[in-house]
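K.L.:
3D model of this:
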Amino acid sequence: MGAPDPVVVARLRAAGCVFAEDEAELLLAAAPTAAALDGLVARRVAGEPLEQVLGWAEFCGRRFAVEPGVFVPRRRTELLVRSAVRAGGPGAVVLDLCCGVGAVGAAVAAALGRVELHAADVDPAAVRCARRNLVGLGAVYEGDLFAPLPAGLAGRVELLVVNAPYVPTDAIALMPPEARDHEARAALDGGSDGLAVHRRVAAGARRWLAPGGSLLIETSRRQAAGTQALVAAAGLTARVVTDDDLDGTAVVGRLDA
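P.N.:
Below you'll find the predicted structure:
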């Protein structure tokens with residue numbers, strides 16, 4: 001691929017895109033015509049996340065379909081995947097709760113090999129993407145947390161991976177515009193302390209976990225102690241894991257057999 005169009009690069013740089021040259025190349029590759037390129041650049045300049053403009057996001061070395069308005073997978077969430085892979089094995093029953101576009105569940109399945117994969121999210125657009133991304137890999141349900149899951153899954157889940165919203169409501173206004181203006185509020189808003197959804201997940205986890213199963217929840221460093229306390233209060237042995245390179249934090253809880 002040759003040098004990116006300098007006009008496109010200039011437009012992107014003027015809009016505050018730090019990696020303007022790289023983004024210009026990706027947009028050019030995604031546009032079949034000059035008119036299409038102009039439209040994509042206009043969307044990016046207006047503040048739409050690059051991944052939503054391109055129609056895909058890269059996560060754990062794979063591309064996942066995304067639509068406008070859905071939560072874009074973050075690199076820090078790779079810690080959740082790595083922690084789940086360490087806790088599980090081939091053939092595991094995996095539940096990706098608050099699955100978004102299904103990237104976490106798909107990455108866990110790819111790393112472990114054969115698994116029984118289930119995923120659920122409340123956002124219809126995210127569910128549409130997850131069903132595209134998990135074709136042939138698992139079942140995707142639309143609804144609030146555990147509510148849409150089949151009853152037969154109760155007591156069988158060996159890996160319950162959760163990237164639930166954990167941004168305190170008042171802090172959403174401080175997020176980058178790409179997130180606060182272009183991602184579903186339900187994927188960001190964790191309530192007054194950021195732990196509202198974590199409380200509900202922890203309270204319901206035991207019903208779904210198999211003996212010896214693990215609950216893995218992404219959180220922030222500031223909220224890690226609170227998330228750990230919720231998981232421990234639910235009767236699981238809980239610990240905090242971090243990765244400085246990824247800037248990732250998660251709580252891992254195990255239901256003793």
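K.L.:
so where's the stretch 51-200 of the chain uncertain?
P.N.:
Along the stretch 51-200 of the chain, the model assigns pLDDT under 70 to no residue.
K.L.:
quick one: the helices in it?
P.N.:
For the stretch 51-200 of the chain, the helices defined by DSSP state H, counting those that start in this stretch cover 78-87, 103-112, 124-133, 177-180, 196-208.
K.L.:
of all those, which one is nearest L236?
P.N.:
Nearest to L236 among the helices of the stretch 51-200 of the chain is helix 196-208; the distance by Cβ to Cβ comes to 7.1 Å. All C-beta spots, glycine's among them, are computed from the backbone N, C-alpha and C.
K.L.:
please name every helix or strand in contact with that closest one.
P.N.:
Applying 3 or more Cβ pairs under 8 Å, 6 or more residues apart in numbering; DSSP states H and E, we find helix 196-208 packed against strand 157-162, strand 209-219, helix 224-233.
K.L.:
if you set the cut-off to 6 Å instead, what comes out?
P.N.:
Judged by 3 or more Cβ pairs under 6 Å, 6 or more residues apart in numbering; DSSP states H and E, helix 196-208 is in contact with helix 224-233.
K.L.:
name the helices or strands packed onto the helix it packs on?
P.N.:
Applying 3+ Cβ pairs under 6 Å, 6+ apart, one finds that helix 224-233 makes contact with helix 196-208, strand 237-243, strand 248-254.
K.L.:
and the angle from the longest one to strand 157-162?
P.N.:
With axes from the mean of the first three to the mean of the last three Cα atoms, to 10 degrees applied, the angle from helix 196-208 to strand 157-162 works out at 170 degrees.
K.L.:
I am finished for the moment; much appreciated.
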